[in-house]
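Asker: Got a predicted model here, sequence first, then my questions.
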Amino acid sequence: MKLALALLVLAGCPGTKDNVRTYPEPKIPDVVARFAKQRAALSSFSGQSVMEYWLGKDRVKGDVLVMGKPGAHVRFAALSPAGNSTLAEMACDGKQFAYLDLQKNCQLTGPCDVNSIAQFLRVQLEPEDFVGLALGTPPILANPTGTVTWDGKSGHEQIALSSPEGKQTFEIDARGGKWDVIKSTRTGADGKLVWSVENFDFTDVKDDAGAMQRVPLKSHVTSPQGKADLSVEWKDRALNKAIDDGKFVMTIPDGLPSCK
């Protein structure tokens with residue numbers, strides 16, 4: 001009798017029960033709609049971050065000024081850890097990119113594509129994907145099918161999507177009306193990992209219109225193709241400010257050799 005009572009007490013001890021979903025179970029159309037709503041609410045960002053990244057063959061940690069908006073518009077300026085001088089700059093205007101290495105005094109230009117950001121950070125990402133990842137809103141497969149599973153241990157939704165483009169997984173904290181992307185992975189149609197991201201320390205930031213937007217303060221992105229990774233910690237970030245397209249155009253000085 002005493003043993004049975006002890007077992008009942010243990011079964012009811014705090015911490016032994018899983019979390020319970022307190023909202024209706026999301027279906028795949030709900031997931032797609034929520035991601036679309038989340039991305040539509042964030043039109044641009046600009047700010048200063050601390051990045052740990054690969055600059056050429058060197059691992060660098062320092063301040064990076066960065067801004068972006070949909071349409072594959074991205075611009076970076078890496079500042080020297082020893083001061084405020086600029087180490088390198090990259091601008092992608094949606095069609096073409098320009099890269100300037102001020103240490104080696106060389107330049108690169110070309111199409112704005114998956115290799116553009118890799119020239120700067122060695123992480124191979126489509127510029128449009130980088131914008132979404134920087135805002136905590138990873139791009140989602142088009143017209144996906146999949147499953148949504150509740151993880152009672154973490155209290156998070158585990159989402160698995162697939163389409164002819166490949167597969168994608170998400171770990172989402174949707175409690176309290178949130179939609180925090182804790183983790184996401186993307187694989188191509190060939191089954192190879194395209195990128196993965198982990199986000200930390202979500203917070204509410206007031207955008208330029210006064211609305212509160214929920215974004216991560218820290219992110220870690222891995223890109224196997226470039227055999228590189230990128231850690232970002234935001235020091236400050238402005239959201240949904242109007243950024244003129246001209247800000248994403250960078251003029252390369254004449255006579256500079258091509259970076260090797």
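Answerer: All right, it came through fine.
Asker: make it CA atoms for all contacts and neighbour counts henceforth
Answerer: Will do.
Asker: Averaged pLDDT, the helix or strand containing residue 63. What do you get?
Answerer: Here residue 63 sits within strand 58-69, counting by DSSP states H and E. Strand 58-69 carries an average pLDDT of 88.
Asker: What strands line up against it, and which way round?
Answerer: In the sheet, strand 58-69 lines up against strand 45-55 (antiparallel), strand 73-79 (antiparallel) (DSSP bridges).
Asker: Identify the residues contacting residue 249.
Answerer: Applying C-alpha atoms under 8 Å, 6 or more residues apart in numbering to residue 249 gives the contacts 91, 92, 93, 98.
Asker: ok, now with 10 Å
Answerer: 73, 74, 75, 90, 91, 92, 93, 94, 96, 97, 98 (C-alpha atoms under 10 Å, 6 or more residues apart in numbering).
Asker: distance of it from residue 112?
Answerer: 12 Å (C-alpha to C-alpha, to the nearest Å).
Asker: Spit out the residues that contact these two alike.
Answerer: 73, 74, 91, 92, 93, 94, 96, 97, 98.
Asker: Kindly reformat the residues you listed as CSV containing pLDDT and distance to residue 140.
Answerer: Shown next, in CSV, are the shared contacts of residue 249 and residue 112 (pLDDT from 0 to 100; distance: C-alpha to C-alpha, whole Å):
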residue, pLDDT, distance to residue 140
73, 95, 19
74, 95, 19
91, 95, 24
92, 95, 22
93, 95, 22
94, 93, 20
96, 94, 24
97, 93, 24
98, 95, 28
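Asker: ok, back up a step: closest to residue 154 out of the contacts of residue 249?
Answerer: Using C-alpha to C-alpha, residue 74 comes nearest to residue 154 of these, at 34.5 Å.
Asker: So that closest one versus residue 66, what's the distance?
Answerer: 7 Å.
Asker: do residue 114 as well
Answerer: For residue 114, the distance to residue 66 equals 18 Å [C-alpha to C-alpha].
Asker: and what of residue 220?
Answerer: 16 Å.
Asker: Hmm, residue 67 and residue 245 touching each other?
Answerer: No - using C-alpha atoms under 10 Å, residue 245 makes no contact with residue 67, being 11.4 Å away.
Asker: Residue 114 and residue 66: which is more packed in?
Answerer: residue 66 (20 against 16; other C-alpha atoms under 10 Å).
Asker: pLDDT at the residue nearest to the spatial centre of the chain, what is it?
Answerer: Central residue of the chain (C-alpha atoms, centre = their mean): residue 133, 1.8 Å from the mean position. With respect to pLDDT, residue 133 scores 85.
Asker: Assign it to helix, strand or coil.
Answerer: helix (DSSP: H, G, I helix; E, B strand; the rest coil).
Asker: Can you point out the buried residues in the strand ranked longest in the chain?
Answerer: In the chain, taking DSSP state E as the definition, the longest strand is strand 193-206. By neighbour count with 16 or more other C-alpha atoms under 10 Å, strand 193-206 contains the buried residues 193, 194, 195, 196, 197, 198, 199, 200, 205.
Asker: Alright, that wraps it up for me.
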